[in-house]
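Asker: The following comprises the amino acid sequence and a computationally predicted model.
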Amino acid sequence: MNRASDLLEICIEQRLTVATAESCTGGSLAAALTALPGASAMFQWGAVTYANAAKREMLGVSQMTLIAHGAVSEEVAQEMAAGARERSGADLAVAITGIAGPGGSDHKPEGRVCFGLADARGVRTETVEFGALGRDAVRAAARDHALELLLAAAQP
């Protein structure tokens, strides 16, 4: 069984719903979740907020947070996840923002991805340095990591 199927099964058992807020993954997590038959029992909605304006308008990310920390930051991931959960009404919301590449900088290197996970307990964030694996590999690794975060949060 794949991890998305595992999540669907747990969410159905626990009566949990999920929302996603994606930037660098471009909706690939939402696509993986909705590819499953029966996904409507779990999946509320997904937002692809690639531009900062979309993060502000769709998820309520503060302009001041974007200025102070940049789009690739745990602070922005936190606000993305909180906004997705609040606006969707989902039990769990995950946010992904990062630098898939090519490129990056000394301060924010290629392969850095920040995650936010919002649930009834609040919002938790983390940063993962996947490294310069190439754009497709970083995006896939970020999608898979976000799925693992959702699975951990959905466990009874």
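Answerer: That came through fine. Numbers count the residues shown, from 1 in each chain.

Asker: what's the first-to-last distance across stretch 114-128?
Answerer: By C-alpha to C-alpha, to the nearest Å, the extent of stretch 114-128 from end to end equals 6 Å.

Asker: which stretches of this structure form helices?
Answerer: 3-14, 28-34, 52-59, 63-69, 74-88, 135-154 (DSSP state H).

Asker: Quick one: closest of those helices to K108.
Answerer: Proximity to K108, assessed across the helices of the chain by C-beta to C-beta, is greatest for helix 63-69 (10.4 Å). (Each C-beta comes from the backbone N, C-alpha and C, glycine too.)

Asker: re earlier: hey, which of the helices of the chain is tucked in deepest?
Answerer: helix 74-88 (a mean of 24; mean count of other C-beta atoms under 10 Å).

Asker: Against which helices or strands is that one packed?
Answerer: strand 18-22, strand 43-48, helix 52-59, helix 63-69, strand 92-98, strand 112-119, strand 122-129 (3 or more C-beta pairs under 8 Å, 6 or more residues apart in numbering; DSSP states H and E).

Asker: can you put those in CSV and add distance to R143 and mean pLDDT?
Answerer: Putting those into CSV (distance: least, C-beta to C-beta, whole Å; pLDDT from 0 to 100) gives the following:
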stretch, distance to R143, mean pLDDT
strand 18-22, 8, 98
strand 43-48, 12, 98
helix 52-59, 18, 98
helix 63-69, 23, 98
strand 92-98, 8, 98
strand 112-119, 10, 98
strand 122-129, 12, 98
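
Asker: Any chance of the ones you listed in CSV with distance to A35 as columns?
Answerer: Below are the helices and strands packed on helix 74-88 laid out as CSV (distance: least, C-beta to C-beta, whole Å):
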stretch, distance to A35
strand 18-22, 13
strand 43-48, 10
helix 52-59, 23
helix 63-69, 32
strand 92-98, 17
strand 112-119, 21
strand 122-129, 24
